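Engineer: What follows is a protein structure lacking sequence information:
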């Protein structure tokens, strides 16, 4: 089977699937693997998540030690789906709740697509409704829909709140986030408690809808609130996600990293939003992500900007700056007299977290030019920066598997060559791509030969250096002759490559 690759933009299909070998390979970007690898890449999951995803598609139950049964999970999922439909119907009946949703700029189509609802200001309305459908209190409690009093009486978790359903990768509702309708109600946002289906520090609101656009655009827009998110999608920024009423965590960012290594932080335009962006930046940089920060107008959140002027919201995202530059500008604006001290305190630790020496050099040079501080002094201070080991290094891997070391150029060429030869053998040179594959195979063989000659030359050069140091002139003469011979082979190979 042949199709356009889902992992990079292309006009001519170069993505092949082999039913015989149960694998795929893209001759454009080099993506390859089996069905598990494919789901990992497409859905942004790890292997365990991909295994679970495929098992559910196939109707196969995976048994984990001390895990809840599939039947129990199905009951909880069904209860959550019934609760979602209940909240949707209640929104349609409540004028005050509908007016609030409309006033925030959320249109009818968005309300329907995101299944936004309303939990009435009653203590036992949902409990009674679900009981009438045959659900017991234990299932409702495990779904995070009710709480129990000391005497055993139950009551609804969500009351007088606009309800935003939170979904898993398959789009199934697994929890809720409720926004208080009354200004007097605390807390302003209330999430479902952690359950066997939902962990607040891992689930990103809207990821099930945003994942395709994130892969397509190769970056994620991170916002804080649920209304920020739905309005961002409503105006066309469909690669947006939000945290589920909590600070962005390592698990959130690891999940996004499966889809793209580039993020834009678009938090509220106030001091709290800036502090949250600073913390998220440090965590994201420590995970090797490329981070930009959007500069929102003072006092406004993404929802307000998107509602008033959708194009202004998109321009703010387009004009976002690399995080280091953004926070440096903030310091220069707010504390110009303490600039040097703040650079040392806030900016250098961020630069320290960046894995690329080239990027580090870029930001050090930028700061030097804009502050008048000598680069040598900045580099000295950077070397003294101590990073938080928890933030700056990956979590310990307890799987027992050895970490793969980076592949050499020879290994990459051999791997690509092997893939080409396997696919040519399978298709028996009957596809239109055959000619291109033959040319690439010849080029790869020439490149591999070149790499092997380079390796030989390096070893001979080291041996020659050793012979000269030990004054073994006879050996040095023989090595020199061999090196000259290899140089001739390399020149002949270069001429051959030009003819390919």
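Structural biologist: That came in fine, so what should we check first? What you are looking at is a predicted structure, and each value in this text was computed from that prediction instead of being measured. Numbers count the residues shown, from 1 in each chain.
Engineer: Show residues contacting stretch 468-482.
Structural biologist: Residues outside stretch 468-482 that contact it (C-beta atoms under 8 Å, 6 or more residues apart in numbering) are 460, 463-464, 467. Where C-beta positions appear, they are placed from N, C-alpha and C, glycine not excepted.
Engineer: Same question for the helix or strand hosting residue 342: list its buried residues.
Structural biologist: Residue 342 is part of helix 339-342 when elements are defined by DSSP states H and E. Neighbour-count burial for helix 339-342 flags 339-340, 342 (criterion: 16 or more other C-beta atoms under 10 Å).
Engineer: Identify, from these, the entry nearest to residue 138.
Structural biologist: Closest to residue 138 out of these is residue 342 (54.5 Å), distances taken as C-beta to C-beta.
Engineer: wait, what's in contact with the closest one?
Structural biologist: Contact analysis of residue 342 by C-beta under 8 Å, 6+ apart lists 331, 335.
Engineer: And for the one 10 residues further on?
Structural biologist: Residue 352 makes contact with 360, 382, 385, 387, 392 under the criterion C-beta under 8 Å, 6+ apart.
Engineer: Neighbour count, pLDDT and distance to residue 14 for those - can I get that in CSV?
Structural biologist: Shown next, in CSV, are the contacts of residue 352 (neighbours: other C-beta atoms under 10 Å; pLDDT from 0 to 100; distance: C-beta to C-beta, whole Å):
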residue, neighbour count, pLDDT, distance to residue 14
360, 18, 93, 36
382, 17, 93, 43
385, 14, 91, 44
387, 15, 72, 41
392, 17, 37, 38
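Engineer: now, which of those residues sits nearest residue 240?
Structural biologist: residue 392 (27.3 Å).
Engineer: Run through the strands of the stretch 351-500 of the chain in chain order.
Structural biologist: Here the stretch 351-500 of the chain has no strands by DSSP state E, counting those that start in this stretch.
Engineer: what do you get for the stretch 201-350 of the chain?
Structural biologist: Secondary structure of the stretch 201-350 of the chain (DSSP E, counting those that start in this stretch): strands located at 204-205, 220-223, 240-243, 262-265, 290-293, 321-322.
Engineer: Among those, show me which one is buried the most.
Structural biologist: Neighbour counts (mean count of other C-beta atoms under 10 Å) averaged over each of these peak at strand 220-223, with a mean of 28.
Engineer: what's the average pLDDT for that strand?
Structural biologist: Regarding strand 220-223, the rounded mean pLDDT is 97.
Engineer: can you check stretch 455-462 too?
Structural biologist: For stretch 455-462, mean pLDDT is 81.
Engineer: so which of the contacts of residue 352 comes closest to residue 267?
Structural biologist: Using C-beta to C-beta, residue 392 comes nearest to residue 267 of the contacts of residue 352, at 22.0 Å.
Engineer: remind me which residues of the stretch 1-150 of the chain are low pLDDT?
Structural biologist: For the stretch 1-150 of the chain, the stretches flagged by pLDDT under 70 are 20, 62-70.
Engineer: Show me where it has its helices.
Structural biologist: Here the stretch 1-150 of the chain has its helices, by DSSP state H, counting those that start in this stretch, at 35-43, 47-58, 70-93, 95-103, 108-113, 125-132, 137-142.
Engineer: Who are the packing partners of the last one?
Structural biologist: The one in question is helix 137-142. On a contact count with 3 or more C-beta pairs under 8 Å, 6 or more residues apart in numbering; DSSP states H and E, helix 137-142 meets helix 70-93, helix 125-132, strand 146-148, strand 154-156.
Engineer: Sounds good, over and out.
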